[in-house]
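K.L.:
no sequence on hand, only this structure:
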């Protein structure tokens, strides 16, 4: 489904990733120096150097991530009745799991922890997982299909409660494919995904007519009060990469009609 969009997004991100951009610009600047294009090299290298230093000493990445993560909040009180718990993929480490033949969680592992907690709070509703292989050159394998099931059952969720959709490769396909497996198409579902990923997820769900109640997890940014100079480039880039990718995703999904608004917000 929408294979051209999926492939184009992978190749485009290779050039828009902040880390890749820094390496590309520095490489072009070095080539310019080799060919004695001093002025051109200065225009490339000096801004890149300043940005790299700023990223090193201060978490400006939090300023990019925080608006995404603060857009939606967990319900003050859990709703009395729901028809299921939707968990979006992304918390599992697909390649590591396949390499080592064991189910591995990654940075988004909080999605599985939240699913387990909510499954205890709602012992009679299904837990619906949506997520397949997002790798460009990897077909869906039988071993991939079991990773989410292994993680969720290890968290104490009975296998009989699980509904697993494993064909989707991105957030849009998550909800398109979910439409056919939901127990009640017009029901209410708690939606579990990373906080920075929630605005785009809710926007697509609304566009597809799926009634979701946001339950964001996996926070990665700090409020203004807790940001400090800490000289940790790697940690700052770990926050900047997914945040920048999400802003691009919001924009592209809006332009392509996959969401009805550019930056979806909480409903009254």
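P.N.:
Right, received. Where do you want to start? A quick note: this is a predicted structure, and the numbers were derived from the prediction, not measured.

K.L.:
hang on, residue 175 packs against residue 205?
P.N.:
Yes - the criterion here is Cβ atoms under 8 Å, and residue 175 meets it with residue 205 at 5.4 Å. The C-beta positions use only the backbone N, C-alpha and C, and glycine is treated the same way.

K.L.:
so for the two, which sits in the more crowded spot?
P.N.:
Shown here are residue 175 and residue 205; by other Cβ atoms under 10 Å, residue 175 has more neighbours (27 against 22).

K.L.:
check for me that the more buried one belongs to a helix.
P.N.:
Yes - going by DSSP: H, G, I helix; E, B strand; the rest coil, the assignment for residue 175 places it inside a helix.

K.L.:
joint contacts of residue 175 and residue 205?
P.N.:
Overlap of the contact sets of residue 175 and residue 205 (by Cβ atoms under 8 Å, 6 or more residues apart in numbering) is empty.

K.L.:
which stretches in the protein count as helices?
P.N.:
Using DSSP state H, the helices of the chain run over residues 3-16, 18-34, 38-57, 61-69, 94-100, 110-121, 142-154, 171-178, 198-207, 233-255.

K.L.:
list the contacts for the spatially most central residue of the chain?
P.N.:
Geometric centre of the chain, nearest residue: residue 197, 4.8 Å, by Cα atoms, centre = their mean. Applying Cβ under 8 Å, 6+ apart, one finds that residue 197 lies in contact with 68, 88, 90, 171, 246.

K.L.:
quick one: low-confidence ranges for this protein?
P.N.:
Residue ranges of the chain with pLDDT under 70: 1-2, 6, 133-145.

K.L.:
dump the helices of the chain to JSON lines, plus distance to residue 84.
P.N.:
JSON lines is the format used below for those (distance: least, Cβ to Cβ, whole Å):
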{"stretch": "helix 3-16", "distance to residue 84": "26"}
{"stretch": "helix 18-34", "distance to residue 84": "36"}
{"stretch": "helix 38-57", "distance to residue 84": "41"}
{"stretch": "helix 61-69", "distance to residue 84": "24"}
{"stretch": "helix 94-100", "distance to residue 84": "24"}
{"stretch": "helix 110-121", "distance to residue 84": "10"}
{"stretch": "helix 142-154", "distance to residue 84": "13"}
{"stretch": "helix 171-178", "distance to residue 84": "10"}
{"stretch": "helix 198-207", "distance to residue 84": "13"}
{"stretch": "helix 233-255", "distance to residue 84": "24"}
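
K.L.:
so which of those helices gets nearest residue 75?
P.N.:
Among the helices of the chain, the nearest to residue 75 by Cβ to Cβ is helix 110-121 (11.0 Å).
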